[in-house]
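>>> Just the structure for this:
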Amino acid sequence: MTEATSYLRATSVDEAIAALASQAGDAVIVAGGLVVGSLINQRLASPALLVDITRIPSLKKIEAGTDGGLTIGALTTHDDVLRSDIVKRTVPLLCEIAEDIACGRLRNRGTLGGSLCMMGQQGDPATGLLALNATIRIKGPEGSRTIPLEAFFKDAFELDLGESEILEEVHVPAAPKGAHWAFLKQGPRNAMDFTLVAVSVVARLGGDGRIDHIRCGMNGVSPTAVRPRNAEAALLGKSPGAIDWNAVGTAFDSDIKPESDLVYSASYKARLAKVLLRRAVERALAGGTK
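I've put the predicted structure just below:
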């Protein structure tokens, strides 16, 4: 790292990628600036180059797809998501999540791409996007690639993102016909604070009254946002009144790795996560919101 930081306002994705590549890992993308600005102010980061991508129009789109899904540019703010008629019509779960993010000032600045790339285990939108089976498109010097969002998160602040790559957009496929969703979160307070635990659930009952589709996304219980696959497997095929929640909880224990902090113990986080998961699943199965 160097003491002096240069600044570039990129006008295209290719220009931003070239700038990142020129610094061999000593450049940082800035969009909303909520996390990057905080790190620099606290002298926890001092990159040689800040690459401002806020003036790249292609990263701000919200488009409905011909498959019934949705494409959202990485620069789309949480407020953009909240106010978008397309999002409300296509994936209203994301609107509910955006509405519950911090406060208006942060929703107006924070971006979807920034949340996915910088917030580690704390970004609420990741929970909904995991539950919705989202994919992301990444572009770098070697071209573009598309991966499941689930594969993007590796470890705390470790992503499947090269030092010269940029997250361009998120694609959310159409939800299964007849599926319902639910979102719940718990934290010290909604505004200006980190989430303690959050969960999103997308579920559907088949014609026989049993769960034939369920996907969940959670944060606050592992170093990254996670999809609790073992808990999902324990729920699949069950009717709402016949779910063995003790068995689901045991399966869920193998999905998560909560860590104690200065305020909350790992055991408390695990217990809270089980409570929220059950409530979210029950809400979704009871009709949730289409």
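>>> contacts and neighbour counts: CA atoms only from here.
OK.
>>> What segments of the stretch 101-250 of the chain are strands?
135-140, 143-148, 153-155, 158-159, 166-172, 180-186, 197-205, 211-219 (DSSP state E, counting those that start in this stretch).
>>> Kindly reformat the ones you listed as JSON lines containing mean neighbour count.
Formatted as JSON lines, the strands of the stretch 101-250 of the chain follow (neighbours: other Cα atoms under 10 Å):
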{"stretch": "strand 135-140", "mean neighbour count": "20"}
{"stretch": "strand 143-148", "mean neighbour count": "13"}
{"stretch": "strand 153-155", "mean neighbour count": "17"}
{"stretch": "strand 158-159", "mean neighbour count": "15"}
{"stretch": "strand 166-172", "mean neighbour count": "23"}
{"stretch": "strand 180-186", "mean neighbour count": "24"}
{"stretch": "strand 197-205", "mean neighbour count": "28"}
{"stretch": "strand 211-219", "mean neighbour count": "24"}
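>>> Relative to L34, which of those is closest?
strand 166-172 (17.1 Å; Cα to Cα).
>>> For L130, give me its contacts.
By Cα atoms under 8 Å, 6 or more residues apart in numbering, the residues touching L130 are L149, E150, R215, C216, G217, V226, R227.
>>> what about 10 Å?
148-150, 172, 200-202, 215-218, 225-227 (Cα atoms under 10 Å, 6 or more residues apart in numbering).
>>> how much space is there between it and L106?
22 Å (Cα to Cα, to the nearest Å).
>>> Would you mind putting the strands of the stretch 101-250 of the chain into TSV with mean pLDDT and distance to I256 alongside?
Converted to TSV, these look like this (pLDDT from 0 to 100; distance: least, Cα to Cα, whole Å):
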stretch	mean pLDDT	distance to I256
strand 135-140	97	22
strand 143-148	97	20
strand 153-155	91	13
strand 158-159	90	17
strand 166-172	97	25
strand 180-186	94	16
strand 197-205	96	12
strand 211-219	97	9
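>>> among those strands, which is nearest V281?
strand 197-205 (6.2 Å).
>>> Walk me through which strands that closest one pairs with, and which way each runs.
strand 180-186 (antiparallel), strand 211-219 (antiparallel) (DSSP bridges).
>>> Go through those and name the closest to G140.
Here strand 211-219 is closest among the strands paired with strand 197-205 (Cα to Cα), at 27.5 Å.
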